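1. need coordinates for the below:
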Amino acid sequence: MDAIQAIMSRKSVRSYSVKPVEQEKIDILVKAANNAPKTGDLHITVVENHDLLSDINYKTLIAMKNSGNDFLVGRANLPGYQPLYGAPLLLLFSVKDSNPFGLAATASCAAENAAIAATALGLGSCYVVSPISTICNDKAIRDRLEIPEGFTPACGLIAGYQDGDKFSQPKKDGISVNYCK
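-> Numbering: from 1, shown residues only. Prediction:
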């Protein structure tokens, strides 16, 4: 699959099979993320541990239900909803605390590169931020993730093999364009 085709066919997958992602594909996702434009240091945590993913998912679901945010509460109360959608893989992107542009110019660019690479590799993926608050505020989870001192999680990308389209939404244009010639 060429780059333009991967970009145009990328979608947010919200239902995954339990089949693990092969190490070779994980290595490519990490390399793709590392080749993104960056404004500073980036740390990638690759999470495949089912128990840890389940713990992050559960605590994020509880946080969403208690957030007071109408969208998050509504989403969390959908029957069968899980914030990590059963994905067998989470790439967590953390940036230096001292980098004010870390989320926008480092972590998000890395996550997008990995999402495009996932599409090219026949994997589904979904950019996620809902677990970030849980990860940042739960010392036990943060310790299990071994995030280096001086780094803060900024965003994540879940990935795996798509299994149906539960909780998927149609793509929206959501963009306006001005051409200044």
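
2. how many neighbours does the spatially closest residue to residue 16 that is not a sequence neighbour have?
-> Residue nearest to residue 16 in three dimensions, not counting chain neighbours: residue 160, with 4.0 Å by C-beta to C-beta, 6 or more residues apart in numbering. Every C-beta, even on glycine, is put in place using the N, C-alpha and C of the backbone. For residue 160, the neighbour count with other C-beta atoms under 10 Å is 27.

3. list the contacts of the one helix or strand residue 118 maps to.
-> Applying DSSP states H and E as the criterion places residue 118 in helix 108-120. Contact with helix 108-120 is made by 1, 3, 6-7, 9-11, 28-30, 32-38, 42, 44, 91, 93, 124-125, 127, 154-157, 159, as judged by C-beta atoms under 8 Å, 6 or more residues apart in numbering.

4. the residue nearest the centre of the chain pairs with what?
-> Nearest to the geometric centre of the chain sits residue 157, at 1.8 Å (C-alpha atoms, centre = their mean). Beta bridges link residue 157 to residue 91, residue 127 when assigned by DSSP bridges.
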